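> Model the following, please.
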Amino acid sequence: MAITPEPHHFASVSVLRGLSADEIAAVHQLSKPREFAPGEALVTEGERGDSFHLIADGEAEIVVGGEVLGTLGAGDYFGEMSLIDGGPRTASVIAVSPIRTLAVTTHDFQRLLERNPNVTRKLLVAMTTRARASMKLTD
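The predicted structure is shown next:
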């Protein structure tokens, strides 16, 4: 099912939760449409992460070590950690059908953070909360 990505679609992204509607709109404004053909890699496992993608329409497979682990479709997203650290991709994402995404580059996102310290603080809180949950630690 195709979606027309609107700013509120970015609000479902784990690292962006907690941002205001205006802050989410600022992230949305950074996004650029990208199109991929069936069989094309949207991102490749092990390569440096330089973008986040929100899927507008189409389907892709998540592949780790040559094994298909799942599928992504309209409204799904990947690469959110790349917005923060630009580290290596933990999986490949391969188009199964023609696919359109809205992409936000790490570079553009970092500039947004530099201009908006409040967004940076909110992201730090979200990341800390996520880290604590994954380690099952409490304060």
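> where along this structure do the helices fall?
Counting by DSSP state H, the chain has helices at residues 7-10, 21-30, 82-85, 106-115, 117-135.
> so what does the third one touch, helix or strand wise?
Translated: helix 82-85. strand 51-57, helix 106-115 (3 or more C-beta pairs under 8 Å, 6 or more residues apart in numbering; DSSP states H and E). Quick note: C-beta positions are derived from backbone N, CA and C, even for glycine.
> Tell me the buried residues in it?
Buried residues in helix 82-85, defined by neighbour count with 16 or more other C-beta atoms under 10 Å: 82, 83, 84.
> and if you look at the fourth one?
Within helix 106-115, the residues that count as buried by 16+ other C-beta under 10 Å are 106, 108, 109, 112.
> Between those, which sits nearest residue 26?
residue 112 (6.1 Å; C-beta to C-beta).
> Pull the contacting residues for the closest one.
When contacts are counted by C-beta atoms under 8 Å, 6 or more residues apart in numbering, residue 112 touches 26, 27, 30, 119.
> now it: how far from residue 31?
For residue 112, the distance to residue 31 equals 11 Å [C-beta to C-beta, to the nearest Å].
> for residue 122, same thing?
19 Å.
> Who has more neighbours out of these two?
Neighbour count, other C-beta atoms under 10 Å: between residue 122 and residue 31, residue 31 has more, with 22 against 18.
> I'd like the distance between the more buried one and residue 13.
11 Å.
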